[in-house]
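Undergrad: Following is a predicted model, sequence given first.
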Amino acid sequence: MVGKKNFCQNCEEICCSVSYVQISKEEIERFKDNIVCLDGIFFLKNVGGKCVFWKKNKCALSYADRPLSCKLYPIGFVLENGKPVVSIEKSCSLAKFVDMKKEEPLIRKAIELGLDKGIAISERDF
């Protein structure tokens, strides 16, 4: 993939501002003051419909400090026939550069950490 870290830091699109960011149980302690739990699945809080870390039209977290689901984006999970499958968010400018083979270790880690389990409730407003 193109230098994702630099690409995302310089991006002016708003995909990160309106997302429901799921975090793994391993990330709970790190984000403990900024999470909400729904049906046993943890998400970063939204404030005014935007991620709690969205400040001054960009993410306030360094790329290294972002949750795994943010680092994985525009790769995510959708439900197909009631089962989670890997997908790419086509509206993201980075999507055309995604190399699924190169991203496979990150995808496997996300599945191992259960980040594919929360997609059924990620559209709730919380």
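TA: Done, it's in. Numbers count the residues shown, from 1 in each chain.

Undergrad: May I see the buried residues of stretch 38-52?
TA: Residues 41-46, 50-52 are the ones in stretch 38-52 that count as buried (16 or more other C-beta atoms under 10 Å). For the C-beta atoms, the positions are set from N, CA and C on the backbone; glycine is no exception.

Undergrad: is it true that residue 35 touches residue 46?
TA: No: using C-beta atoms under 8 Å, residue 35 is not in contact with residue 46, being 11.0 Å away.

Undergrad: that older thread, redo the buried residues of stretch 38-52 as JSON lines? Include pLDDT.
TA: Shown next, in JSON lines, are the buried residues of stretch 38-52 (pLDDT from 0 to 100):
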{"residue": "41", "pLDDT": "86"}
{"residue": "42", "pLDDT": "89"}
{"residue": "43", "pLDDT": "89"}
{"residue": "44", "pLDDT": "91"}
{"residue": "45", "pLDDT": "91"}
{"residue": "46", "pLDDT": "87"}
{"residue": "50", "pLDDT": "84"}
{"residue": "51", "pLDDT": "88"}
{"residue": "52", "pLDDT": "91"}
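
Undergrad: from the residues you listed, which two are the most distant?
TA: 41 and 50 (19.6 Å; C-beta to C-beta).

Undergrad: Next one, pLDDT for the residue of the chain positioned farthest from its centre please.
TA: Ranked by distance from the centre of the chain (C-alpha atoms, centre = their mean), the top residue is residue 81, with 22.0 Å. Predicted confidence (pLDDT) for residue 81: 84.

Undergrad: Over to the one 4 residues further on?
TA: We have a pLDDT of 88 for residue 85.

Undergrad: So it lies in a strand, does it not?
TA: Yes: the assignment for residue 85 by DSSP: H, G, I helix; E, B strand; the rest coil puts it in a strand.

Undergrad: Who is it paired with across the strands?
TA: For residue 85, the beta-bridge partners are residue 78 (DSSP bridges).

Undergrad: Tell me how many other residues crowd it.
TA: Look at residue 85: counted by other C-beta atoms under 10 Å, it has 11 neighbours.

Undergrad: For it, give me its contacts.
TA: 77-79 (C-beta atoms under 8 Å, 6 or more residues apart in numbering).
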